[in-house]
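In: coords please:
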Amino acid sequence: WVCIWAGAMHIVSSMIGLVNLVWKVTPFTSQIFEFFIGISFIYLSCRDLIEPLYLGQSDVDPVDRAGQYATLLLGILTCYISYTLHFAETWTLFTRQIRTVLTAYNTLFAVVIVTGLSYLPGVDMGTLARVVVMVPWDWQPTADRPWVSSPIEGMTASAIFGAIIPGLMFFLLFIIDHNVSSILSQVPKYNLKKPAAYHWDFFVLGITFIPCAILGLPPGNGLIPQAPLHVRALCTREIQTDKYGVKREVVTYVEEQRWSGLGQALLMLVALSAFRVISWIPNGALFGLLLYLGIGALHGNEIWERTVFCMMIPKKRPPIPIVTDVKWRTVQFFTFIQLLCAFSVFALANFSSVGYLYPLLLVILVPIRSYILSRIFSEEDLKRLDPHGKEEEKKDNYHEDQRIIHQHQKASMSIDQEALEFPHFGEFRGQGR
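Out: Prediction:
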């Protein structure tokens with residue numbers, strides 16, 4: 001009934017145009033949501049990799065402990081390979097076609113490599129945890145129930161109507177998660193030719209809830225960062241020289257089709273008949289992928305970038321508008337508010353007995369931005385810190401900022417050149433003799 005109520009809310013909201021409210025979501029909220037997703041993925045992956053190590057316990061079988069350490073190392077290796085191949089297109093090695101394949105299928109290569117390594121002698125000593133699936137699967141639910149469940153059987157009226165509350169939380173989560181990911185997947189930089197259909201898309205999503213409720217399956221939706229990464233994989237990009245004489249990546253064409261999405265769904269169906277192969281994958285590889293997705297969500301997130309800027313000395317910060325045109329104390333205060341909101345949502349979702357209410361907290365961020373922050377910060381500062389609507393479309397601030405940040409990091413290579421002008425510690429030791 002949770003899915004039925006949530007699906008009904010999706011359908012009704014799309015029919016009455018409620019999806020238009022998503023345009024009230026400014027970068028303030030979407031950045032917090034993206035940051036929350038990133039730190040949640042990182043926390044969950046690190047928890048599942050570190051907790052089983054039995055740290056502080058001495059009465060543990062060394063072979064069991066070795067298996068957990070192997071899981072940790074395989075997870076770190078999976079994350080490292082995925083993240084390294086993510087930027088393979090920027091390499092100077094290999095042909096462009098090979099680099100494109102390495103980037104597009106980075107997670108697949110990572111899982112295959114790590115799974116192969118997990119079978120090397122000395123890595124798996126019989127205690128290495130792998131994906132637990134029923135092999136062979138008889139195409140029946142693993143729980144003791146039929147595929148089709150009656151939504152009324154065994155349900156009281158209070159239980160049916162009581163499901164409205166978690167259904168509402170489901171709806172609030174999806175109206176933020178799905179629509180924000182849709183917006184990020186259709187930003188102006190992609191130059192999409194086919195128009196967006198947010199209402200129709202949300203309506204169809206609501207329809208899919210009904211069979212999921214009857215079959216007892218979790219519903220699917222657009223996600224961050226998977227949905228934007230999918231669109232990026234469909235892009236044809238080239239390197240162009242901008243007015244500053246700096247080379248930058250520009251999207252020239254996007255393959256706008258539905259076949260790749262259908263292919264993903266069909267591959268998931270095929271995977272149901274390949275459980276034996278899936279059972280070979282070590283748990284560490286899955287946790288490593290989750291860690292990679294979390295790090296990928298932080299990459300390019302403006303909250304994270306401004307946090308990093310706060311730890312830099314002033315003259316080392318890149319000359320982007322929020323650095324040059326806004327008082328730095330204002331930037332710090334705005335970033336602190338976003339971090340406070342993000343970690344509040346994170347704490348509620350992961351450490352509270354009412355964690356299912358965190359979508360409500362995400363929705364509350366919208367009026368906080370509209371009615372509270374607009375009174376704290378000046379309009380000119382908010383145009384830089386939180387551009388929205390015509391201001392956001394009128395100028396490609398984000399991508400220009402990314403170009404400057406990348407160029408600044410490439411030039412500095414994380415080395416303080418001034419520090420090299422001072423005597424080395426070895427010279428001081430020599431002088432003291």
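
In: quick one: buried residues of stretch 373-383?
Out: By neighbour count on 16 or more other C-beta atoms under 10 Å, the buried set for stretch 373-383 is 373, 377, 381, 382, 383. Using the backbone N, CA and C atoms, a C-beta is placed for each residue, glycine as well.

In: actually, stretch 146-163.
Out: Buried residues in stretch 146-163, defined by neighbour count with 16+ other C-beta under 10 Å: residue 163.

In: so what touches it?
Out: Contact with stretch 146-163 is made by 1, 2, 4, 5, 140, 141, 213, 214, 215, 216, as judged by C-beta atoms under 8 Å, 6 or more residues apart in numbering.

In: avg pLDDT for it?
Out: Averaged over stretch 146-163, pLDDT sits at 81.

In: just the endpoints, please. Distance across it?
Out: Across its full length, stretch 146-163 reaches 22 Å end to end, with C-alpha to C-alpha, to the nearest Å as the criterion.

In: which ones are touching residue 283?
Out: Residue 283 neighbours (C-beta under 8 Å, 6+ apart): 48, 71, 129, 130, 131.

In: list buried residues within those residues.
Out: When the contacts of residue 283 are checked against 16+ other C-beta under 10 Å, the ones flagged as buried are 48, 71, 130.

In: number of residues surrounding the closest residue to residue 331 other than its chain neighbours?
Out: Here the nearest residue to residue 331 in space, its sequence neighbours aside, is residue 322; by C-beta to C-beta, 6 or more residues apart in numbering that works out to 5.5 Å. When counting by other C-beta atoms under 10 Å, one arrives at 22 neighbours for residue 322.

In: next one: residue 322 from residue 308, what distance?
Out: Using C-beta to C-beta, to the nearest Å, one gets 13 Å for the distance from residue 322 to residue 308.

In: let me see the ranges of the helices in the stretch 251-400 of the chain.
Out: In the stretch 251-400 of the chain, helices defined by DSSP state H, counting those that start in this stretch lie at 259-271, 275-278, 283-298, 302-310, 321-324, 328-351, 358-367, 374-376, 379-385, 390-394, 397-412, listed in chain order.

In: the one helix or strand residue 45 maps to packs against which elements?
Out: Per DSSP states H and E, residue 45 falls inside helix 27-50. Counting contacts by 3 or more C-beta pairs under 8 Å, 6 or more residues apart in numbering; DSSP states H and E, helix 27-50 packs against helix 62-86, helix 164-184, helix 283-298, helix 302-310, helix 328-351, helix 358-367.

In: just the C-alpha atoms of the fourth one, please, in PDB.
Out: Pointing back at helix 302-310 there. Below are the C-alpha coordinates for helix 302-310, written out as PDB (Å, rounded to 0.1, in the frame of the first residue of the first chain):
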ATOM      1  CA  GLU A 302      30.000  23.300  -5.400                       C
ATOM      2  CA  ILE A 303      29.600  22.700  -1.600                       C
ATOM      3  CA  TRP A 304      32.600  20.400  -1.700                       C
ATOM      4  CA  GLU A 305      34.600  22.800  -3.900                       C
ATOM      5  CA  ARG A 306      33.900  25.800  -1.600                       C
ATOM      6  CA  THR A 307      34.800  23.700   1.400                       C
ATOM      7  CA  VAL A 308      38.200  22.900  -0.200                       C
ATOM      8  CA  PHE A 309      38.600  26.600  -1.000                       C
ATOM      9  CA  CYS A 310      38.100  27.400   2.700                       C
END
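
In: quick check: which element contains the residue lying closest to residue 211 once chain neighbours are set aside?
Out: Once its chain neighbours are removed from consideration, residue 211 has its nearest residue in residue 217; the separation is 7.7 Å (C-beta to C-beta, 6+ apart). If you go by DSSP H and E, residue 217 is not part of any helix or strand.

In: and residue 217, what are its phi and psi?
Out: For residue 217, the backbone dihedrals are phi -110, psi 150 (criterion: degrees, to the nearest 10).

In: and the gap between it and residue 349?
Out: When distances are taken as C-beta to C-beta, residue 217 and residue 349 turn out to be 22 Å apart.
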